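*Asks:* this one's sequence-less:
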């Protein structure tokens with residue numbers, strides 16, 4: 001079987017599990033659940049390929065398994081990043097969908113401004129970070145949680161390694 005078809009099949013199987021799970025009930029921590037589904041599927045497929053070689057749906061050899069794993073990892077991470085953008089609609093996406101839904105008549109600037117009145121993308125992101133355990137609401141402000149500190153340290157070091165300036 002072609003490596004591309006095999007790799008696409010492994011990714012499609014993980015995607016199908018994701019769709020079924022989300023239709024039954026939304027997980028509390030969606031990003032962690034997506035990581036578990038997509039990388040769990042990859043690990044399961046690699047194990048089956050190792051213990052049951054020669055099947056049409058398993059890797060023919062180690063190199064094919066590596067190619068499938070690299071493809072699956074790249075597609076999974078790309079999808080998970082894109083999913084986080086869909087999970088909480090950005091102001092740009094809100095405006096774009098409103099203009100698209102309005103048809104040939106379009107939207108007036110006042111209608112578009114009204115869509116975002118009272119909406120705070122910062123508040124939405126902060127609520128998501130509290131929900132994920134990255135920050136803790138403390139009185140009138142926010143404090144970084146240990147999980148958030150670990151991520152911030154990693155991202156700061158990554159930016160430093162790439163030669164990027166400090167900050168966001």
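*Replies:* Everything's here; your move. Keep in mind the model is a prediction, meaning the values are calculated, not measured.

*Asks:* mean confidence score for the helix or strand hosting residue 122?
*Replies:* Following DSSP states H and E, one finds residue 122 within helix 121-132. In this model, helix 121-132 has a mean pLDDT of 78.

*Asks:* and the helix or strand just after it, how far from the chain's centre?
*Replies:* Following helix 121-132 in sequence order, the next helix or strand is strand 135-138 (DSSP H and E). Its chain's C-alpha centre and that of strand 135-138 lie 23 Å apart, by C-alpha atoms, centre = their mean, to the nearest Å.

*Asks:* Check the average confidence over the very next helix or strand once past strand 135-138, would you?
*Replies:* Counting by DSSP H and E, the element after strand 135-138 in chain order, helix or strand, is strand 141-144. When pLDDT is averaged over strand 141-144, the result is 90.

*Asks:* now stretch 17-27
*Replies:* pLDDT averaged over stretch 17-27 gives 92.

*Asks:* Tell me the gap between that stretch and the middle of its chain.
*Replies:* With C-alpha atoms, centre = their mean, you get 15 Å for stretch 17-27.

*Asks:* got the domain boundaries for this protein?
*Replies:* 3-87, 121-161 (automatic domain parsing).

*Asks:* Next, format those as CSV and append mean neighbour count and distance to residue 167.
*Replies:* Every C-beta, even on glycine, is put in place using the N, C-alpha and C of the backbone. Converted to CSV, those look like this (neighbours: other C-beta atoms under 10 Å; distance: least, C-beta to C-beta, whole Å):
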stretch, mean neighbour count, distance to residue 167
domain 3-87, 15, 21
domain 121-161, 13, 8
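
*Asks:* between those domains, which gets nearest to residue 94?
*Replies:* domain 121-161 (9.3 Å; C-beta to C-beta).

*Asks:* How far off centre is the helix holding residue 122?
*Replies:* 16 Å.

*Asks:* Can I take it that residue 59 is in a helix?
*Replies:* No. Residue 59 is assigned coil when assessed by DSSP: H, G, I helix; E, B strand; the rest coil, not a helix.
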